[in-house]
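Engineer: Here is the input, now give the coordinates:
(one chain, ligands or ions: 1)
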Amino acid sequence: MLTLCNLLEADDRKISFIKKGFFDNDEHNYRRLLMGLVETTKSQEIFEKSLEVIAGGVNSPVRAFIGLGVDPLIAEKGEGDTIWDAEGKSYIDYCMSWGAMLLGHAPPSVVMKAKSRMEKGSSFGIATEIEEQLAREIVTLVPSIEKLRFVSSGTEATMTAVRVARGYTGRPYIVKFNGNYHGHADPFLIRAGSAVSQISHESSSQGVPNDIVKHTISLPYNDVEKVRELFCDPEYGSQIAAVIVEPIAANMGVVPATKEFLKVLREETDRMGTVLIFDEVISGFRVGLEGAQGQYGIFPDMTCLGKIIGGGFPAAAFGGKKEIMDTLAPTGGVFQAGTLSGNPVAMAAGLETLDLAQQEGFYELIADKTKLITEPLQMALKDRDLDACLQETVGMFTLFWGVRSVEKFEDLQELDHDRFKTFFRYLLNEGVYFSPSPYEACFVSAVHTEDHLIKTRDLIIDFIRQV
Ligand SMILES: *Cc1c(COP(=O)(O)O)cnc(C)c1O
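Structural biologist: Coordinates of the predicted model:
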């Protein structure tokens, strides 16, 4: 069958078409014209219809599969480690809703708990007991969090955490690191900087005036010297409210921080009275019950959580020292609110997820499952001596094509997008769904089966041998 993608493949105009991401009206019409000439799949039909009523056809840009030369997947259902698309084709899933599905898709006990909670009413706009239960569980498991507040997305968590830090310290500046992702709130959308002397005040998104990011400083990740230099700077050093960091970066592929880097962040922020925020929206409950902070033994003043804590529903949290958290209204003067914050259905799903994650040997199991794929791949890469590398931690990994090691975003300049595209499409064709961007992590859940892990491993080894 001639599919739309085959046809587009053969067409020069495809390149600009894909690049522009269907946003351009003429190209959109061009695509529609082609639709009349070829047989379309149900997924393509759904995406076409979505393009008419949803901006770009998707509710988060990476879902559009821009630059991959395949139509976006439309998920129909998921169970365990597998998802099915609108045609009924199955895929072993390593995106797992960007890591949120720690227990795989539709884990029976989570479904049951969410269902029975929903039957009692799904939102009240007043407090419920289950919010206290999940909060207590998190506060008990993550000792650096003494108090927290629930919100509905990681974006809200990080956005509010820096607001609290600014309210608490009365200072204007925040520091982040190039290639770390903290959601899409205005203050984080800044172009990468490279040194204190060249601090950029240019936003990286239309719609965010440069004035809005003028109090955000973005530095290279894992660069101890740049951090020390900034904190010694007479203009900025004493004016920094917060440093926010992904202790295990997972939004430029998996790039763990060096211990030295986190240690220096802790030292310098302590020295200057700056709030240190760990954005553990991905790493929290992924690498262990205490997140990356437990793994490194370095503890922040505030932590942001998301993804896993909602058990597949929209829930996130930020928390930390009592003294800092009490600056929030109604106790303090920093405003934050949310109609669906602490939503009881999301709390029920999150609570059951964390209960299961506390079973004896849970994280050892995830680590073993991860290694079942990654250890043989590391060896295969070594054998072939390719310009590629695999970086990993418990439950997540990234296979980088075109680069031999990644410590910071700047190391990704030679990233081989074409190779990734070939690799991604090869796996997809074989029924394996990897996260659809070379800048992302892949996730191993507690329920990935040995058969599926081995199948995936062998497919990738074959690919590596043929490169
Ligand atoms: C996913 C993510 C966010 C944003 O969370 P959303 O729920 O998508 O808004 C923030 N920080 C990190 C580290 C993330 O991985």
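Engineer: neighbours of the residue in the stretch 301-450 of the chain positioned nearest to the ligand, just the number please.
Structural biologist: Closest residue of the stretch 301-450 of the chain to the ligand, CB to the nearest ligand atom: residue 306 (4.7 Å). Placement of C-beta: from N, CA and C, glycine included. Number of residues near residue 306 (other CB atoms under 10 Å) recorded here: 28.
Engineer: One more: residue 121?
Structural biologist: Look at residue 121: counted by other CB under 10 Å, it has 10 neighbours.
Engineer: Grab the nearest non-local neighbour of the residue of the stretch 151-300 of the chain found nearest the ligand.
Structural biologist: Ranked by CB to the nearest ligand atom, the top residue of the stretch 151-300 of the chain for proximity to the ligand is residue 154, at 2.1 Å. Excluding the flanking residues, the one nearest residue 154 by CB to CB, 6 or more residues apart in numbering is residue 306, at 3.4 Å.
Engineer: Also residue 192?
Structural biologist: Per CB to CB, 6+ apart, closest to residue 192 is residue 178, 4.0 Å.
Engineer: which residues touch that neighbour?
Structural biologist: 192-194, 218-221, 408-410 (CB atoms under 8 Å, 6 or more residues apart in numbering).
Engineer: Flag the shaky bits of the stretch 351-467 of the chain, pLDDT-wise.
Structural biologist: Applying pLDDT under 70 to the stretch 351-467 of the chain picks out no residues at all.
Engineer: can you check the chain too?
Structural biologist: Scanning the chain for pLDDT under 70 picks out the ranges 1-38.
Engineer: what does it have sitting close to the ligand?
Structural biologist: Within reach of the ligand by CB under 6 Å from any ligand atom, the chain has these residues: 98, 153-155, 158, 181-183, 246, 251, 279, 281-282, 306, 316.
Engineer: Inside helices: which ones of the contacts of residue 178?
Structural biologist: The helices, defined by DSSP state H, take in nothing from the contacts of residue 178.
Engineer: Show me which of those residues are buried.
Structural biologist: Among the contacts of residue 178, those buried by neighbour count (16 or more other CB atoms under 10 Å) are 192-193, 218-221, 408-409.
Engineer: How is the protein divided into domains?
Structural biologist: Following the TED database, the chain resolves into domains at 61-94+361-466, 108-358.
Engineer: mind listing the helices for the stretch 201-350 of the chain?
Structural biologist: 224-232, 259-272, 291-296, 322-325, 344-357 (DSSP state H, counting those that start in this stretch).
Engineer: ok, and the closest non-adjacent residue to whatever residue of the stretch 1-150 of the chain ends up closest to the ligand?
Structural biologist: The minimum distance from the stretch 1-150 of the chain to the ligand, using CB to the nearest ligand atom, falls at residue 98 (5.9 Å). Counting by CB to CB, 6+ apart, residue 98 lies nearest to residue 307, which is 6.5 Å off, once chain neighbours are set aside.
Engineer: and if you look at residue 392?
Structural biologist: Residue 392 sits nearest to residue 374 (CB to CB, 6+ apart), 4.9 Å away.
Engineer: Which strands or helices does whichever strand or helix holds that neighbour pack on?
Structural biologist: Secondary structure assigned from DSSP states H and E places residue 374 in helix 362-384. When contacts are defined as 3 or more CB pairs under 8 Å, 6 or more residues apart in numbering; DSSP states H and E, helix 362-384 packs onto strand 388-393, strand 396-401, helix 450-466.
Engineer: Let's have these in CSV, adding distance to residue 297 and mean neighbour count.
Structural biologist: Output for the helices and strands packed on helix 362-384, formatted as CSV (distance: least, CB to CB, whole Å; neighbours: other CB atoms under 10 Å):
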stretch, distance to residue 297, mean neighbour count
strand 388-393, 15, 20
strand 396-401, 20, 24
helix 450-466, 30, 16
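Engineer: could you dump those to CSV with distance to residue 435?
Structural biologist: Output for the helices and strands packed on helix 362-384, formatted as CSV (distance: least, CB to CB, whole Å):
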stretch, distance to residue 435
strand 388-393, 14
strand 396-401, 8
helix 450-466, 13
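Engineer: How many residues are close by residue 449?
Structural biologist: 14.
Engineer: wait, isn't it in contact with residue 81?
Structural biologist: Yes - between residue 449 and residue 81 there is a contact under CB atoms under 8 Å: 6.2 Å.
Engineer: Can you pull out the residues in contact with stretch 121-140?
Structural biologist: 117, 145-148, 150, 305, 309, 317, 319, 339-340, 342-345, 347-348, 350-351, 354-355.
Engineer: For that stretch, list the C-alpha coordinates in CSV.
Structural biologist: C-alpha atoms of stretch 121-140 as CSV (Å, rounded to 0.1, in the frame of the first residue of the first chain):
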residue,chain,number,x,y,z
GLY,A,121,-16.9,12.5,43.3
SER,A,122,-13.9,13.6,41.4
SER,A,123,-13.4,17.2,42.4
PHE,A,124,-14.7,19.4,45.2
GLY,A,125,-12.6,22.5,45.3
ILE,A,126,-12.2,21.9,49.0
ALA,A,127,-9.7,19.8,50.9
THR,A,128,-10.0,16.0,51.0
GLU,A,129,-8.3,13.5,53.3
ILE,A,130,-6.5,11.7,50.5
GLU,A,131,-4.4,14.8,49.8
GLU,A,132,-3.0,14.6,53.3
GLN,A,133,-2.3,10.9,52.8
LEU,A,134,-0.2,11.3,49.7
ALA,A,135,1.5,14.4,51.1
ARG,A,136,2.5,12.4,54.2
GLU,A,137,3.7,9.5,52.2
ILE,A,138,6.0,11.9,50.1
VAL,A,139,7.2,13.8,53.2
THR,A,140,8.1,10.5,54.9
